[in-house]
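S.K.: Build me a model:
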Amino acid sequence: MANTRLYTLIFVALFVLATAQVAVETMGFVENAYWYAFGAILALSLLKAVAVAGYYQHLLYEPRSLSYLIGIGLLAALTLTIAASYSILP
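M.R.: A predicted model of the protein is given here:
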């Protein structure tokens with residue numbers, strides 16, 4: 001089991017990534033460079049999802065087959081998100 005310091009560091013990293021996402025949205029990148037902003041937000045979201053699944057859901061300590069199953073679900077959700085983005089183009 002991980003200690004409190006590790007969970008605090010992960011929390012701070014998630015906070016920084018969420019703040020970066022908000023910064024991308026509020027700096028006007030969405031209007032000017034939609035695909036760059038979309039890619040940046042998608043990459044930041046993926047990093048946050050991996051951190052949450054790996055540490056808070058303890059997938060780092062589970063058998064690899066379970067991690068692969070969760071990864072397939074994550075990939076499916078990512079694919080659906082990308083497919084849905086084409087319907088909201090500016």
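S.K.: Does Ala77 belong to a helix, a strand or coil?
M.R.: Following DSSP: H, G, I helix; E, B strand; the rest coil, we place Ala77 in the helix state.
S.K.: And it, how close does it get to Asn32?
M.R.: Distance of Ala77 to Asn32, computed by C-beta to C-beta, to the nearest Å: 28 Å. The way it works is simple: take the backbone N, C-alpha and C, and place the C-beta from them, glycine included.
S.K.: next one: Ser67
M.R.: To Asn32, Ser67 is 38 Å away according to C-beta to C-beta.
S.K.: Same question for Leu69.
M.R.: Leu69 sits 39 Å away from Asn32, going by C-beta to C-beta.
S.K.: Give me the more crowded residue out of Ser67 and Asn32.
M.R.: Remark: of Ser67 and Asn32, Ser67 carries more neighbours, 15 against 9, as counted by other C-beta atoms under 10 Å.
S.K.: I'd assumed Leu59 was in contact with the more buried one.
M.R.: Yes - shown here, Ser67 and Leu59 form a contact pair, counting by C-beta atoms under 8 Å, at 5.1 Å.
S.K.: And the next helix or strand past the helix-or-strand element of the chain with minimal mean pLDDT?
M.R.: Across the helices and strands of the chain, mean pLDDT, DSSP states H and E gives its lowest value to helix 29-32, namely a mean of 68. Following helix 29-32 in sequence order, the next helix or strand is helix 34-51 (DSSP states H and E).
S.K.: what's that following helix packed up against?
M.R.: When contacts are defined as 3 or more C-beta pairs under 8 Å, 6 or more residues apart in numbering; DSSP states H and E, helix 34-51 sits against helix 4-26, helix 29-32, helix 64-85.
S.K.: Would you check that Ala18 makes contact with Ser45?
M.R.: No - using C-beta under 8 Å as the test, Ala18 is too far from Ser45 to be in contact (9.5 Å).
S.K.: I am finished for the moment; much appreciated.
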